[in-house]
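Novice: sequence unknown, structure follows:
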Ligand code: M6R
């Protein structure tokens, strides 16, 4: 959600800014803008639409500059239009500001500023910030840095901001709370980004700004960081763990397809170094220190959103089956507001691809305030969730650019499985032979997914049959019920077809009324304890003329004979079946969406990193 790029140094800033914005497109946005320092004056270009529209708009403009800020906006306050796009200027045009986050007290601040005569050109919460900074500068007679520190002390909410000032033409002021921001350090140049993608080819030395820190960035000076109380902070320089090829399409038509195909590697990377060669120890280094607390937990609460919540539902099965400790799975957005009962021996496990989801971050704070231990499962190294949890395990799936989560989901399930198995073994809930069985089954998953990916063309053919459908139902049972939910979510978000997932046995309690010959029903009917029951559920749909697309284990004859289309997938242990069963559903959604002409990597209204409530 919202992307920030900024540069100061001796290179041409505009190509770096535009290219950086393109790399952040995956976050989701509806307008874009850039402010450039030119002869000690700020030039501002912004418009509704894509970064390509901004580029076209700037085509005949002079964009020569060595210092500038750029932004992609995902509308929260005020519709997506030219005025509401960032950057926003101060009244005298001397300051330009970009912002990611939400200023919750913007209305009261706006009222005060309007009473003082400030005129607002947009409906955004952000515009308040630029006027507030300038107002403090004037009324308190302080320099820009102090004005930013004071302004950030009065705002309530979240922010990552970059400010350009024509009084300091080469300098950028950066501040952050609750929204990610990192500063890339080059030789006499600095890069700023919401993540590392805009700067990856220029530097691998980065500083992740901490909450309530303010940085002064100038090409001829060392990076200076203070907090909003003006206390000096030592910049902690880290290595940026990102390669350029990871954020390029590598010959695939879309990032989503590339990421679906990356799953064998992503799952292997999630396991790498965590299973010893004798296969008798699963060790998740990141949670070692808190393992005792996890072993003694009276209950696990899993909180997440969207696809990560679906991984959490799979995790519930894994933990309850293997560790034999009760698990509750919560939407982070609901959990944070319903005054839940949290005890000190509870362990909250939060799952997030981006590591920036605002609701999940709030769930963490709530659980911590009640004394519970909080464990994170995150994909993005150094993300806010990774930093705010007591301990955690990275999924190591590599950057996920497509808004629809695919490889992150299967990597999350892999880490949940490793976590549950390791705890179960230590608790004595799983025998050594079963433990070996699970490890071998898990290690075989990447190769099994390769065989499903090899059926790509067949799945593409099936997809052509459903491009005009209005609705779809996904059914699954047990550990594959969350896979049905996830399959339906994939279809909804990228093809805009209405789809719902149900536990197969629930159909007769209502949803079966929807079945007619127009209704595609995708059923996960792999080899599992409830297979016979699923057969009956499929029969009930078939009797009512529903079109059956089934995902079955290789060699299945019964469900296959009842299906209009059938995708066979390799057999595996039931607990691991979500890892294989989800892959054909991702491909099905992908090809339906492509055939419908949808923008699969950047679906309408969606953002990759949902950093606002
Ligand atoms: O980054 P997170 O995993 O915390 O994000 C949670 C959801 O916003 C995310 O999974 C969303 O549902 C995706 N678009 C799913 O494809």
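Specialist: Thanks, I have the structure now. Since we're looking at a predicted model, the values are computed, not measured. Residues are numbered from 1 along each chain as shown.
Novice: Give me the residue at the spatial middle of this structure.
Specialist: For the chain, the residue nearest the mean C-alpha position is residue 354 (3.3 Å; CA atoms, centre = their mean).
Novice: In contact with it, which residues?
Specialist: 379-380, 383, 608-611 (CB atoms under 8 Å, 6 or more residues apart in numbering). C-beta here means a position set from N, CA and C on the backbone, and glycine is covered the same way.
Novice: from those, which are also near the ligand?
Specialist: Among the contacts of residue 354, the residues that sit close to the ligand (CB under 6 Å from any ligand atom) are residue 610.
Novice: just the contacts of residue 354: which has the poorest pLDDT?
Specialist: Across the contacts of residue 354, the smallest pLDDT goes to residue 611, namely 81.
Novice: Quick one: neighbours of it, just the number.
Specialist: 26 (other CB atoms under 10 Å).
Novice: Mind checking what secondary structure it has?
Specialist: Classification of residue 611 by DSSP: H, G, I helix; E, B strand; the rest coil places it in coil.
Novice: which bits of the stretch 201-350 of the chain sit near the ligand?
Specialist: 305-308.
Novice: tell me the secondary structure for whichever residue of the stretch 101-250 of the chain sits closest to the ligand?
Specialist: Proximity of the stretch 101-250 of the chain to the ligand (CB to the nearest ligand atom) peaks at residue 180, 11.7 Å away. Of the three states, residue 180 takes coil under three-state DSSP.
Novice: Would you enumerate the residues in contact with it?
Specialist: Residues near residue 180 by CB under 8 Å, 6+ apart: 160, 194-195, 208, 356, 383-384, 609, 611.
Novice: So what's the residue count around the closest residue to residue 516 other than its chain neighbours?
Specialist: The shortest distance from residue 516 to any non-neighbouring residue, by CB to CB, 6 or more residues apart in numbering, is to residue 545 (6.0 Å). Using other CB under 10 Å, residue 545 is surrounded by 11 other residues.
Novice: Stretch 491-502: which residues count as buried?
Specialist: 491-495, 497, 499-502 (16 or more other CB atoms under 10 Å).
Novice: So which of these belong to helices?
Specialist: The helices, defined by DSSP state H, take in 491-495 from the buried residues of stretch 491-502.
Novice: contact partners of stretch 226-234?
Specialist: 145-146, 149-150, 152-153, 175, 210, 212-214, 224-225.
Novice: Where is pLDDT lowest across these?
Specialist: residue 210 (93).
Novice: which SS state does it fall under?
Specialist: Per three-state DSSP, residue 210 ends up coil.
Novice: What of the one 5 residues further on?
Specialist: Assigned state for residue 215: strand (three-state reduction, three-state DSSP).
Novice: tally of neighbours for whichever residue of the chain sits closest to the ligand?
Specialist: Nearest residue of the chain to the ligand (CB to the nearest ligand atom) works out as residue 306 at 1.9 Å. By the criterion of other CB under 10 Å, residue 306 has 21 neighbours.
Novice: Show the contacting residues for it.
Specialist: With CB under 8 Å, 6+ apart, residue 306 has these contacts: 405, 489, 610.
Novice: What helix or strand is the nearest residue to residue 395 once chain neighbours are set aside located in?
Specialist: For residue 395, ignoring the flanking residues on the chain, the nearest one in space by CB to CB, 6+ apart is residue 411 at 3.8 Å. Here residue 411 sits within helix 407-427, counting by DSSP states H and E.
Novice: Report the mean per-residue pLDDT for that helix.
Specialist: The pLDDT scores in helix 407-427 average 97.
Novice: near the ligand at all, it?
Specialist: No - using CB under 6 Å from any ligand atom, we find that helix 407-427 stays clear of the ligand, coming within 6.5 Å at best.
Novice: on contacts alone, who are the packing partners of that helix?
Specialist: For helix 407-427, the packing partners by 3 or more CB pairs under 8 Å, 6 or more residues apart in numbering; DSSP states H and E come out as helix 263-271, helix 291-296, helix 306-318, strand 346-352, strand 373-378, strand 391-394, helix 432-453, helix 577-595.
Novice: Now do it against helix 306-318, angle only.
Specialist: Angle of helix 407-427 versus helix 306-318, following axes from the mean of the first three to the mean of the last three CA atoms, to 10 degrees, is 20 degrees.
Novice: Go through helix 407-427 and flag the buried ones.
Specialist: 407-426.
Novice: cool, and stretch 503-510?
Specialist: 503-505, 507.
Novice: Next: stretch 204-224.
Specialist: By 16+ other CB under 10 Å, the buried positions in stretch 204-224 come out as 204, 206-209, 211-219.
Novice: ok, the residues you listed vs residue 299, which is closest?
Specialist: Closest to residue 299 out of those is residue 211 (29.6 Å), distances taken as CB to CB.
Novice: how about the closest one, what does it touch?
Specialist: Contacts of residue 211 by CB under 8 Å, 6+ apart are 176-178.
Novice: what does this structure have sitting close to the ligand?
Specialist: Residues of the chain lying close to the ligand (CB under 6 Å from any ligand atom) are 305-308, 352-354, 357, 360, 403-405, 493, 606, 610.
Novice: one more time with 5 Å
Specialist: Counting by CB under 5 Å from any ligand atom, the chain comes close to the ligand at 305-308, 352-354, 357, 404-405, 610.
Novice: Any quick PyMOL command for the buried ones out of those residues?
Specialist: Selecting only the buried entries of the residues of the chain next to the ligand in PyMOL, with 16+ other CB under 10 Å as the criterion:
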select buried, resi 305+306+307+308+352+353+354+357+404+405+610
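Novice: could the residues of the chain next to the ligand go into CSV alongside distance to residue 572?
Specialist: Formatted as CSV, the residues of the chain next to the ligand follow (distance: CB to CB, whole Å):
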residue, distance to residue 572
305, 28
306, 25
307, 21
308, 22
352, 26
353, 24
354, 29
357, 30
404, 24
405, 22
610, 32
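Novice: ranges for the strands of the stretch 151-300 of the chain?
Specialist: Counting by DSSP state E, counting those that start in this stretch, the segments of the stretch 151-300 of the chain that form strands are 159-165, 168-177, 182-186, 189-193, 205-208, 213-217, 224-227, 232-233, 237-239, 299-304.
Novice: the inter-axis angle of the first one versus strand 168-177?
Specialist: The directions of strand 159-165 and strand 168-177 differ by 170 degrees, with the same axes, to 10 degrees as the criterion.
Novice: just the last one next, same as before
Specialist: Strand 299-304 runs at 140 degrees relative to strand 168-177, counting by the same axes, to 10 degrees.
Novice: again with the third one
Specialist: Here strand 182-186 points in a direction 140 degrees away from that of strand 168-177 (the same axes, to 10 degrees).
Novice: Perfect, I'm done here.
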